[in-house]
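Chemist: give me the fold of what follows.
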Amino acid sequence: MKLKTGISAIAIIAAAGLASGAALAQVTVGVSLSQTGPAAALGVPASNMISLLPKEIGGQKLNVIILDDAGDAGRATTNARRFVTEEKADIVIGSSITPTSTSIANVALEAGVPHIAVAPVALPPDRMKMTFTTLQMPPLLSTPKFAHMQKRGVKTIAMIGFSDSWGDLWVAMYKRFGEPLGIKMITDERYGRADSSVTGQVLKVIAANPDAVLIAASGTGAALPQIALRERGYKGLIYQTAGAVSNDMIRVAGKSAEGLFASTSPAMFPEAITDKPMQDEAARFVKMYEDKFGPNTRNQFAPNAYDAWKVMERVIPIALKGGAKPGTPEFRAAILKAIESEKEIVGANGYYNFTPSDHSGLDNRAVIMVTVKDGKWARAD
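Modeler: Numbering: from 1, shown residues only. This is a model prediction of the structure:
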């Protein structure tokens with residue numbers, strides 16, 4: 001998939017031209033995504049999606065400001081601080097990978113601003129008070145992935161993953177969900193997101209001779225060990241995380257991607273969803289995205305941004321009815337309360353039922369297994 005974006009990598013003010021007095025009445029949404037850098041394969045689709053979404057909810061104008069964090073945690077922190085201090089944002093969205101999303105979550109907590117993450121956030125529950133996610137978090141994705149391994153007789157696995165919180169997270173998921181199934185992790189190799197070679201790590205994995213390999217990476221960076229494993233003759237099963245589910249990863253990995261498995265969002269295949277409300281929403285997402293960016297450009301990352309809007313569509317009118325004004329702590333508190341209390345918010349990824357103790361909101365209706373067949377993503381048994 002050729003990455004295309006209709007959004008400035010610097011900023012967008014969606015309701016430009018309004019008088020300053022009227023602008024104060026707008027709901028301000030700050031968005032930080034990785035539009036450039038090694039995580040662009042994740043950030044650009046989300047940015048593309050936001051460019052297509054309405055900049056008005058329930059008759060209320062939205063002031064949408066988009067900044068590029070380039071996949072850098074420090075830059076994401078700077079963007080988030082600008083949103084909450086200079087722009088008086090009512091909601092913050094972002095970012096594209098775990099380290100940058102975690103940075104934004106920390107700022108959102110300090111400032112008391114609701115934060116909708118479109119990538120996993122690696123923080124303990126007490127640090128997630130202001131942060132909600134619109135994607136399938138690793139615990140939800142792990143159950144079908146390790147069950148799939150067990151069904152295929154996998155007894156040993158090796159992991160090769162990013163040398164950051166994303167790789168650490170998948171080791172934790174293995175211990176929680178894979179180890180109890182009798183699957184043994186026999187080696188854990190790591191590499192940097194910007195690395196251009198994983199030869200040493202792959203040779204160690206192959207020497208360990210695992211039944212399957214789990215690649216804990218995302219974006220086009222997930223293609224690096226995929227290619228190296230097949231080129232070095234590894235014949236076993238390869239599993240990727242949802243962060244690798246994009247046509248761009250297949251483009252980079254080429255034939256080496258054939259037969260890999262991953263757990264991901266049903267939004268990739270609305271045709272196969274039997275639940276009617278969710279099918280309709282996923283189909284709307286796909287049509288909106290592919291009408292603009294072309295056939296088969298659907299991906300795992302755009303629906304996360306789409307669903308952030310679906311959550312806002314439900315909660316912003318409720319917060320406004322309470323009488324609090326946008327740009328105030330009272331309005332942000334009203335948004336937080338509405339997110340935690342509204343039920344069955346239908347999105348392209350599934351149904352969101354957030355509570356004060358559960359800020360991920362999705363259930364097992366939101367996960368399917370996929371594989372690569374003939375150079376395309378397909379449902380897996």
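Chemist: when you work out contacts or count neighbours from here on, use the C-alpha atoms and nothing else.
Modeler: OK.
Chemist: pull out the buried positions in stretch 327-343.
Modeler: Within stretch 327-343, the residues that qualify as buried are 327, 329-340, 342, counting by 16 or more other CA atoms under 10 Å.
Chemist: residues making contact with stretch 372-381?
Modeler: 247, 250, 254-255, 257-261, 269, 368-371 (CA atoms under 8 Å, 6 or more residues apart in numbering).
Chemist: low-confidence bits of this protein, can you list those?
Modeler: 1-24 (pLDDT under 70).
Chemist: quick one, domains of it?
Modeler: When the chain is parsed with automatic domain parsing, its domains come out as 20-136+284-349, 138-264+367-379.
Chemist: distance from the chain centre to the longest one, please.
Modeler: Relative to its chain's centre, domain 20-136+284-349 lies at 12 Å (CA atoms, centre = their mean, to the nearest Å).
Chemist: cool, and the shortest one?
Modeler: Centroid displacement of domain 138-264+367-379 relative to its chain, using CA atoms, centre = their mean, is 17 Å.
Chemist: what's the straight distance from one end of that domain to the other?
Modeler: Using CA to CA, to the nearest Å, one end of domain 138-264+367-379 lies 19 Å from the other.
Chemist: returning to that earlier point: can I have the buried ones of the contacts of stretch 372-381 as a PyMOL selection?
Modeler: In PyMOL, this line selects whichever of those come out buried by 16+ other CA under 10 Å:
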select buried, resi 247+250+255+257+258+259+260+261+269+368+369+370+371
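Chemist: just the contacts of stretch 372-381: which are in strands?
Modeler: Secondary structure from DSSP state E places 261, 368, 369, 370, 371 of the contacts of stretch 372-381 in strands.
Chemist: thought residue 264 was touching the last one, still the case?
Modeler: No - with contact defined as CA atoms under 8 Å, residue 371 does not count as touching residue 264 (10.1 Å).
Chemist: list the buried ones in stretch 137-146?
Modeler: 137, 138, 140, 141, 142, 143, 144, 145, 146.
Chemist: for that stretch, give me every contacting residue.
Modeler: 120, 169-170, 173-174, 177-178, 181, 242, 262-264, 360, 363-364, 367-369.
Chemist: same check on stretch 306-313?
Modeler: With contacts defined as CA under 8 Å, 6+ apart, stretch 306-313 is touched by 46, 49-50, 53, 57-58, 93, 116, 118, 134, 285, 339, 345-349.
Chemist: buried residues in that stretch, which are they?
Modeler: Across stretch 306-313, burial judged by 16+ other CA under 10 Å covers 306, 307, 308, 309, 310, 311, 312.
Chemist: return the member of the residues you listed nearest to residue 73.
Modeler: residue 308 (21.1 Å; CA to CA).
Chemist: quick check: the gap between that closest one and residue 51.
Modeler: Here residue 308 is placed at a distance of 13 Å from residue 51 (CA to CA).
Chemist: check residue 74 too.
Modeler: Relative to residue 51, residue 74 is positioned 25 Å away (CA to CA).
Chemist: could you do residue 110 as well?
Modeler: Taking CA to CA as the measure, residue 110 falls 29 Å from residue 51.
Chemist: so between those two, which is more surrounded?
Modeler: Neighbours per residue, other CA atoms under 10 Å: of residue 110 and residue 51, the larger number sits with residue 51, 17 against 12.
Chemist: can you name every helix or strand that the helix or strand harbouring the more buried one contacts?
Modeler: Using DSSP states H and E, the element containing residue 51 is helix 40-52. The contact analysis (3 or more CA pairs under 8 Å, 6 or more residues apart in numbering; DSSP states H and E) places helix 40-52 against strand 27-33, helix 276-293, helix 302-321.
Chemist: neighbouring contacts of that helix?
Modeler: Identification of contacts with helix 40-52 by CA under 8 Å, 6+ apart yields 3-7, 33-36, 70-71, 95-97, 219-220, 243, 246, 248, 288-289, 299, 301-306.
Chemist: same question for stretch 96-109.
Modeler: The contact list for stretch 96-109, computed with CA under 8 Å, 6+ apart, reads 33-34, 39, 42-43, 69, 71-74, 76-77, 80-81, 84, 92, 94-95, 114-115, 117-123, 127-131, 164-166.
Chemist: from the residues you listed, list just the buried residues.
Modeler: Among the contacts of stretch 96-109, those classed as buried by 16+ other CA under 10 Å are 33-34, 39, 42-43, 69, 71-73, 76-77, 80-81, 84, 92, 94-95, 114-115, 117-122, 128-131, 165-166.
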